[in-house]
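*Asks:* Just the structure for this:
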Amino acid sequence: MREFEDYCWRDIVSDEVRYIYTPYLRERSVGRSPALIVVHPSAPTGSAWHAPVKRLLEEARRRKMPVVHSGGSLGELVKEEPVCVRPCESAFFSTDLERMLKIRGTGSLIVCGAPTSGALRATAVEGKSFGYKVAIAEETVGDEAGFLHKMALFDLAHKYADVMSLEELLEQL
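*Replies:* Below is the predicted model of the structure:
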């Protein structure tokens, strides 16, 4: 597994800040009975994260994991999985997502999609607040603003979610 700090934020976070956050260093993992939450941005993009999300979706479907979609332009990624229409950033707020997850026996979440600094971050934070272990594959998330993407992932990795590579995440399923 890659080093805890060896991710996209490495070039913008100083050694001093990384030192301050050393209490958050831990082993990263996907929790038990995961469900995949796909956060869709309100505008479709041909971003770099689309292909890795498709790969993660294919693997989740192959393993018969629960998959829930949330958000705006859902496009070709959605098959016959449930869709949770969110009125604001978090897929949990004013939706029946928590009920859907409980019915499916979900114990942890894998969250992917965009924007990293908005809906994806809000969904991951609330997922942890509901008691789920949250995992994120770095390649499966994106944002229009590179700096915000990196800082959101840094914050998520240190407080709310286990950020790892897609390969590492798939190995743990």
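*Asks:* quick one, helices of this structure?
*Replies:* If you assign secondary structure with DSSP state H, the helices in the chain sit at 15-20, 50-62, 97-103, 121-129, 146-159, 166-172.
*Asks:* Could you look over those helices and pick the most buried one?
*Replies:* When the helices of the chain are scored by mean count of other CB atoms under 10 Å, the highest mean neighbour count falls to helix 121-129 (a mean of 22). Using the backbone N, CA and C atoms, a C-beta is placed for each residue, glycine as well.
*Asks:* Now do it: everything it contacts.
*Replies:* Helix 121-129 is touched from outside by 37, 39, 70, 88-93, 109, 111, 134, 136, 152, 155-156, 160-161, with contacts defined as CB atoms under 8 Å, 6 or more residues apart in numbering.
*Asks:* closest one to C8 among the helices of the chain?
*Replies:* C8 lies closest to helix 146-159 among the helices of the chain, at 5.1 Å (CB to CB).
*Asks:* thinking in terms of the whole chain, how far from its middle is that closest one?
*Replies:* Taking the mean of its C-alpha atoms, helix 146-159 sits 12 Å from the chain's own mean (CA atoms, centre = their mean, to the nearest Å).
*Asks:* which ones are touching A35?
*Replies:* 65-68, 101, 104, 106, 108-110.
*Asks:* again, 7 Å this time
*Replies:* 65-66, 68, 101, 104, 106, 109 (CB atoms under 7 Å, 6 or more residues apart in numbering).
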